[in-house]
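Trainee: Compute the structure for the input listed below.
(one chain, ligands or ions: 1)
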Amino acid sequence: MTGVTGYRRPYFETQPAYLYPGYRSTVKRSPSRPLVLLPHTLSEVTGPVFGYDDVKPTDGDLTRQHEGEPIGERIVVSGRVLDENSRPVAHALIEIWQANAAGRYRHAVDDHDAPLDPNFTGAGRVLTDAEGRYRFVTIKPGAYPWRNHYNAWRPAHLHFSLFGVGLVQRLVTQMYFPGDPLLQYDPMVNSIPDQKARARLVSAFDWETTIPDIALAFRFDVVLRGRDATPMETARS
Ligand SMILES: [Fe+2]
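Mentor: Residues are numbered from 1 along each chain as shown. Predicted coordinates for the structure are as follows:
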């Protein structure tokens, strides 16, 4: 395929290391042989897109998916999705999934000794608008232990999945909360060599988008490519 302008490759050390022994799963899943650079072709820079009609306006409010209200601190999470040239990415599908306020996922393999919430599923999705903006209402997730090492705890986080203008452009990352004391101990965060890139995974408290008497708010912008790219995961975690 000729005449296709590929994307810029991620900036040096802004993405998680494939092999970071402190994050145990990377030992088995990291490549053991040199990577092969594949040129971008038409299917990476364009392609079929998500059916917009399938996203309901209520899918972005994780506090209204059941009869009752979930337990926990209501929060608003909003921001913009931008490309490597700071242009908004419109109609991008954003999906999130998260633990409940007690740090428990509604998932078959989560055996953490913490209660499930019958009024909280922990998954939502929205499309960005013409200016690349998105907004979720949800519950602040709790920290939870994992078995990476002795007394390992994940900082509170939301998992994010983003589709750009094509389904093959799926990117997965995590959003953290400002001031979380667990961040400095987290091998997933620390597997990103560049300190400034790490900081881009931490949302900012956002007074402007709080809802008086209802919810505090956090802002999380995602940059899909280039020097200011949001660090992305190479595998789901
Ligand atoms: Fe998680």
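Trainee: Next, count neighbours for the residue nearest to Tyr185 when sequence neighbours are not counted.
Mentor: Spatial nearest neighbour of Tyr185, excluding adjacent residues (Cβ to Cβ, 6 or more residues apart in numbering): Trp153 at 7.5 Å. Quick note: C-beta positions are derived from backbone N, CA and C, even for glycine. For Trp153, the neighbour count with other Cβ atoms under 10 Å is 15.
Trainee: shouldn't Trp153 be in contact with Leu182?
Mentor: Yes: contact criterion Cβ atoms under 8 Å: Trp153 and Leu182 qualify, at 5.5 Å.
Trainee: intersection of neighbour lists for those two?
Mentor: Listed as contacting both Trp153 and Leu182 by Cβ atoms under 8 Å, 6 or more residues apart in numbering are Ala143.
Trainee: Can you pull up the most central residue in this protein?
Mentor: Centroid-nearest residue in the chain: Phe160, 2.4 Å away (criterion: Cα atoms, centre = their mean).
Trainee: so what's the backbone phi/psi at that one?
Mentor: phi -120, psi 140 (degrees, to the nearest 10).
Trainee: Could you do Leu183 as well?
Mentor: Dihedral pair for Leu183: phi -60, psi -40, per degrees, to the nearest 10.
Trainee: residues near it, how many?
Mentor: By other Cβ under 10 Å, 20 other residues sit near Leu183.
Trainee: How about it, nearest residue that isn't a chain neighbour?
Mentor: Spatial nearest neighbour of Leu183, chain neighbours left out: Pro155 (5.0 Å); criterion: Cβ to Cβ, 6+ apart.
Trainee: In the chain, what residue spans correspond to strands?
Mentor: Secondary structure of the chain (DSSP state E): strands at 74-82, 93-97, 123-127, 133-139, 144-146, 152-154, 157-163, 171-176, 204-205, 216-219, 222-223.
Trainee: So which residues make contact with the first one?
Mentor: Contacts to strand 74-82, defined as Cβ under 8 Å, 6+ apart, come from residues 63, 88-89, 92, 94, 96, 128, 131-140, 158, 162, 175, 203, 206, 209-211, 214-224.
Trainee: got the angle between it and strand 171-176?
Mentor: 140 degrees (axes from the mean of the first three to the mean of the last three Cα atoms, to 10 degrees).
Trainee: Could you tell me the angle between strand 74-82 and strand 157-163?
Mentor: Angle between the axes of strand 74-82 and strand 157-163 is 40 degrees (criterion: the same axes, to 10 degrees).
Trainee: if we can go back for a sec, run through the bridge partners of the residue nearest to Tyr185.
Mentor: On the basis of DSSP bridges, Trp153 is bridged to Pro145.
Trainee: Enumerate the beta-bridge partners assigned to Tyr176.
Mentor: Beta-bridge pairing for Tyr176 (DSSP bridges): His157, Val202.
Trainee: which of the contacts of strand 74-82 are buried?
Mentor: 63, 89, 92, 94, 96, 128, 132, 134-140, 158, 162, 175, 203, 206, 209, 215, 217-224 (16 or more other Cβ atoms under 10 Å).
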